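Engineer: using only what follows, build the 3D model:
(chains A, B and C)
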Amino acid sequence: MKIQRFAGLAALLASTLMASSAMAETLRWARASDALTLDPHSQNQGVTHNFAHHIYETLVDRAVDGSLTPRLATEWYVKEDDPNVWVFKLRHDVKFHDGADFTAEDVVFSLDRARSENSNMRQLHSAIASVAAVDDHTVEVTMTGPSPLYPNNLTNTFVMDKGWSEAHSLQSVQDYAAGEDNYAVRNANGTGPYILESREVDVRSVLKRNEAHWAETKPQVTEIIYLPIAENATRIAALLSGEVDLVQDVPVQDIERLKNTAGLKVETGPENRIIYFGYRMDDKPLKSSNVADKNPIADPRVREAMHLAIDREAIKRVVMRGNSLPAGVAMPPFVHGWTPELDAFPAPDPERAKALLAEAGYPDGFSVTLDTPNNRYVNDEAISQAVVGMLGRIGIKVTLASRPVAQHSPLITGDNTDFYLLGWGVPTFDSAYIFNDLIHSRNGHFGAYNPSGYADPALDAKIEGLATEIDVEKRDADIAEIWAQVQRDRVLLPIHNQLLAYAMKDNLTLAVHPENQPLMTMVTYGQ
Amino acid sequence: MLAFILRRLLQSLIVMLAVAFIAFLMFRFVGDPVEGMMGVDARLADREALRDRLGLNDPFYMQFWTFVKNAARGEFGISYRLQQPVTQLILSRLPATIELAVVSASLALIVGVTLGVFTAIHGRLPPSSRETLTALAAIILPALALWFLGRGLLWSFGAAALIFVSTAFWAKSFFSQAVMAVSLVGVSLPTFLIGIGLIFVFAVELKLLPSFGRGQTVELWKGWSTGFLTKSGLLSLILPAVTLSLFQMTLIMRLVRAEMQEVLRSDYIRFARARGLPESTINFRHALKNTMVPVITITGLQLGSIIAFAIITETVFNWPGVGSLFVNSVQAVDVPVMAAYLLFVALVFVVINLIVDLLYYLVDPRLRVDGRSGRA
Amino acid sequence: MTEAPPPEAPVEAAAPARGFWARFWDSDVFWSYRHNPVAVVSSLVALTLILAAVFAPWIAPHDPFNPATLQLMDGFTPPGEAAMSGTVYRFGTDDQGRDLLSTILYGSRVSLFVGFAATLFSMTLGVSLGLFAGYRGGLADTIIMRVADVQLSFPAILIALLIFGVAQGVIPPNKQESMAIWVLILAIGLANWAQFARTVRGAAMVERQKDYVSAARIMGVPGPAIAFKHVLPNVLGPVLVIATISLALAIIEEATLSYLGVGVPPTQPSLGTLIRIGQRFLFSGEWWILFFPALMLILLALSVNLLGDWLRDALNPKLRQ
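Structural biologist: Next up is the predicted model:
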């Protein structure tokens, strides 16, 4: 008892001393959900990557403007005599948390693991033919063809220690059929700025600053306590009552109140994510419509009518309380290929929309079911609800089907929806990423999120060509052409880019990260 | 005796099998598990391969048999969402739920029995209008005064609540009538609203109590972490425990009151009164003792339902127990966890039922004829 | 929702047993009603709320269930203030610009429909099974009562969640929204039948021993007929009490399910869905979006509960002095 009290006193004394020199800062960081796993190659999911970025590191990193910056790799280039080979020069004097040296072998091991059978990161590395270490600090990645943009795919692929992984038989990623869990799911050994100290899934994780980290400037936060709180009201209450320092997922309706609360502040900024509606537009009749013999949305006039019915400014003002950037193209402004002309959108014109519907043969409209997630994007359900009303006004009777995202996504990937809301983040900051999944017809690796039935072989070929096109100008022209056709055919119905809001104690500063993956190394204290 | 126990065990087994079957149906029908496990653009062949290895292409009865076999060994596979063994996940969350349930049940029992006895004894007569008016005035006037003095609504409500509790001493029949009415308000309010209300008042406005989680925990042994030993752990327990106990509290209070009122009307109490025994002896020695058997039975049974009722409370307070694990799993269609939780709750109920039945059998000789008859 | 009679005037069921109702009204139940202000007030409140909900399409100033008429720009208008469009909404508007007064009226319609239908369903199921078990006895009795035991010890919410989960898997995705309300009724109904079964079964077992039943049996009246014609009327009292209480319970269960995210679509919200929506605005100052639906739910549940409470005391002969 006595000892305990003494220890407590010492700790208190220490913490006051440290605080005065701004050395020991504990940050209690709350957000809506926990990282799914610690295994860096198991889930391609934002929250999981965000957490992993504190423990593990990637070869390259992305700056806020979208350009690539060095992390574990100091430079990278296409090999002079072979356009299919990427060369990565690695950082010297980097150590893993357990003290092992970081070498080229670790990178080879990690890339092979990331493209192994159970890895969820595999699609990003599907163009790799082989990976080889040239010397301790040089890695050569041989691709199956020219891949000028490949380094863009590396910003979330983390490097593990080969020795540690082999000691715990981590050569493969979690296999659900195996019946036991992979060691890497609950243990971590990276090179990153923080070391995992303890972790209770869904409850709390503690990270301590890595004093041996290679970066010259040490982060101000010495300890991170990561607290997933699922209920919005509870999460905000925790901030208001001073139990947490930083809330990453702030509901838009609470921004004003938090801004006006003494001792708190809110940072907002655009996320690199477009919120849009998609629909089936091929000739097969819709599954949920009263029009049973054909698909009304296949008619371009109906699609135009739907676009004219949407009042994006009203959605921004009321549903998003001003926290969105209305969009006319399904592409965030961060993305290569974006132009203000593409992003222009028509003023809502319900009268014209009604006329178009009548012209297309639907003077009384038609009915359709809209599938919406209700726990994934900012106010996703409310946006869909508002759109139900706007389409209702021109005669399209929409039934709203609202589900958690885990049940919503399979509807889209499984071709089980007529009309749906989805958000699309663009981690590569390039239009090709959008085309591959949303525009290209469903075929192999392409069109995973394209249940529209829109298929144009010429367009598909053009999209596929973007991956290997080395001529930058030709590539830009292709991108512009593809967008022109997508806009002309109204393949997607964009609504807005959502703004993110981080709320925090007013003595700390953290800017909004466009991919919603803020690093706590960026947190600074003081006014 | 042996035959009775055997029959009960057999029945319990059938119940567990039935629940297992429902759990298994969920495996089959709630979404495609492979969808959740594989990446967005896993190829069709990969999906089929995984389905094969998971046994999803086996005939229906084979799959059920495998499921039961594994469940009996406590193996529910790997959580789709968190990639950890389900049994381990549930075990690590169990202490939080059990501690919350035990505290809530005790709270419900103590307050419920006290109020039940009180309202049974003092609630037989309707309060006189003078008593009612005095009490109401005593509650409302100070509250209004405080409000006018600018101390804010919370002070007013606090004062009103304090005076209301004090009416238990000087306006007894008013108090018992009011408690009965308030208890109905409690039953009519959904648990989640009570929880949010408590967070708003005690965490946000008054900043007295934590709004989420269990605070600091100490590991006792083998992964059993307790919140009983730290100040923040105890403070964190208050709001969820109160929220969770309110419904059971009302139930127990009304049950005790009803039982007590019946007993108080019985002949032997009248006889005791006629003998001139003091009221307190009659009430507590004779009457209460006779009402406790059904009360304890019901409480025993309710302990199980508190554990399951905790789903909502745990969600609101971010309490890291099995209930919030279940809700998160439902949202993410994490079927192994859902199925395991269902079987776990069923097991708790079956065991409690079994114990209650056996106790009854030992305590009440009349039941030995029938095996079982209506209990409360 | 009009098919279930208001609890204090259960007239329709009277036909088969005239004698019973005569006894019912001659008894001191009605006397007790007139002399119990709580019962009178709560029944009036319940009746008003139910009527307001039933006649919502004629009373409500707007039609919140027709999305085409909504003014999104009128969203978040405080009670009594003029909105963007100039309209004044007495209870304010919610995040979609729906008039809260109308939405609450329509919402209670949904809630009451689910409540009444679920109660009716669990009552029919429970009474039939209870009568069967009590009258038949033997293996049927054991099985039914065991199932009821399990059902009773499982919290209704969990059962409802499970049924909802299974239904989600069975019903094709594009039918789920139109089926949602029926799944909800089924889920809540299936979760609440055991109380009825237990009570009826107990009473039926007692009645079975009585002379008039034996007499009827000797006269050759078939079993089911005896059960329904003779035993049933004698257990109607307790059944009515349970029905009243489970109506309140069903309304709250619907709200809780909606809070957990399984419920009717947000474009046709019930009170529970409205509360779930309103709860988001608890900290941002738009208190009315949560307050009015919650108040309505509490009033509804409370008045029905008070009525049930009174009914139980009034029908319990042991409590009469």
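Engineer: please make it C-alpha for all contacts and neighbour counts, starting now.
Structural biologist: OK.
Engineer: what's the neighbour count on A:Asn187?
Structural biologist: 14 (other CA atoms under 10 Å in any protein chain shown).
Engineer: hang on, I meant A:Glu359
Structural biologist: 12.
Engineer: excluding its backbone neighbours, what's nearest it?
Structural biologist: A:Arg301 (7.8 Å; CA to CA, 6 or more residues apart in numbering or on different chains).
Engineer: just the local confidence number for the one you found, please.
Structural biologist: pLDDT for A:Arg301: 96.
Engineer: count of neighbours near it?
Structural biologist: A:Arg301: 19 neighbours (other CA under 10 Å).
Engineer: buried sites along the helix or strand encompassing it?
Structural biologist: Assigned by DSSP states H and E, A:Arg301 falls within helix A:300-309. For helix A:300-309, a neighbour-count test (16 or more other CA atoms under 10 Å in any protein chain shown) marks A:Pro300, A:Arg301, A:Val302, A:Arg303, A:Glu304, A:Ala305, A:Met306, A:His307, A:Leu308, A:Ala309 as buried.
Engineer: what's that helix in contact with?
Structural biologist: Residues from elsewhere that reach helix A:300-309, judged by CA atoms under 8 Å, 6 or more residues apart in numbering or on different chains: A:296-297, A:346-350, A:352-354, A:356-357, A:359-360, A:390-391, A:393-394, A:489-490, A:493.
Engineer: tell me who's in contact with the most centrally placed residue in chain B.
Structural biologist: Closest to where the C-alpha atoms of chain B average out (CA atoms, centre = their mean) is B:Ile306, at 1.7 Å. Neighbouring residues of B:Ile306 by CA under 8 Å, 6+ apart: B:Ala101, B:Ser104, B:Ala105, B:Leu244, B:Gln248.
Engineer: biggest separation within those, which pair?
Structural biologist: Across the contacts of B:Ile306, no pair lies farther apart than B:Ala101 and B:Gln248, at 11.0 Å, counting by CA to CA.
Engineer: what's the local residue count around residue 45?
Structural biologist: Reading this off chain A. 14.
Engineer: the chain in question should be chain C.
Structural biologist: 17.
Engineer: one more: B:Ile110?
Structural biologist: 15.
Engineer: going C-terminal from the host helix or strand of it, what's the next secondary structure element?
Structural biologist: Per DSSP H and E, B:Ile110 falls inside helix B:86-122. Once the chain leaves helix B:86-122, the next helix or strand it forms, by DSSP H and E, is helix B:129-148.
Engineer: report whether the following helix or strand past that next one contacts chain C.
Structural biologist: Sequence order places helix B:152-170 as the next helix or strand after helix B:129-148, per DSSP H and E. No - using CA under 8 Å from any CA of the partner chain, helix B:152-170 never reaches chain C; the gap is at least 15.4 Å.
Engineer: and helix B:152-170, what's its mean pLDDT?
Structural biologist: 82.
Engineer: domain-wise, how is the chain divided?
Structural biologist: Assuming you mean chain A. Here the domain assignment for chain A is A:5-17+A:33-185, A:271-499, based on automatic domain parsing.
Engineer: the chain in question should be chain B.
Structural biologist: B:2-30+B:74-127+B:171-367, B:128-170.
Engineer: need those domains in a markdown table with distance to C:Leu161, can you?
Structural biologist: Formatted as a markdown table, the domains of chain B follow (distance: least, CA to CA, whole Å):
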| stretch | distance to C:Leu161 |
| --- | --- |
| domain B:2-30+B:74-127+B:171-367 | 9 |
| domain B:128-170 | 36 |
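Engineer: which of the ones you listed is buried the deepest?
Structural biologist: domain B:2-30+B:74-127+B:171-367 (a mean of 20; mean count of other CA atoms under 10 Å in any protein chain shown).
Engineer: so B:Thr217 touches B:Gly233, yeah?
Structural biologist: Yes - here B:Thr217 reaches B:Gly233: they are 6.3 Å apart, a contact under CA atoms under 8 Å.
Engineer: which residues does stretch B:208-217 contact?
Structural biologist: Taking CA under 8 Å, 6+ apart as the rule, stretch B:208-217 contacts A:203, A:234, A:237-238, A:241, A:243, B:96, B:199, B:202-204, B:225-239, B:317-320.
Engineer: closest one to A:Asp283 out of the buried residues of helix A:300-309, please.
Structural biologist: Checking the buried residues of helix A:300-309 one by one against A:Asp283 (CA to CA), the nearest turns out to be A:Pro300, at 11.9 Å.
Engineer: rewinding a little: for the domains of chain B, which one sits closest to A:Gly99?
Structural biologist: Of all the domains of chain B, domain B:2-30+B:74-127+B:171-367 comes closest under CA to CA, at 27.2 Å.
Engineer: so of the contacts of stretch B:208-217, which ones are in helices?
Structural biologist: Among these, DSSP state H puts A:234, A:237-238, B:96, B:231-239, B:317 in helices.
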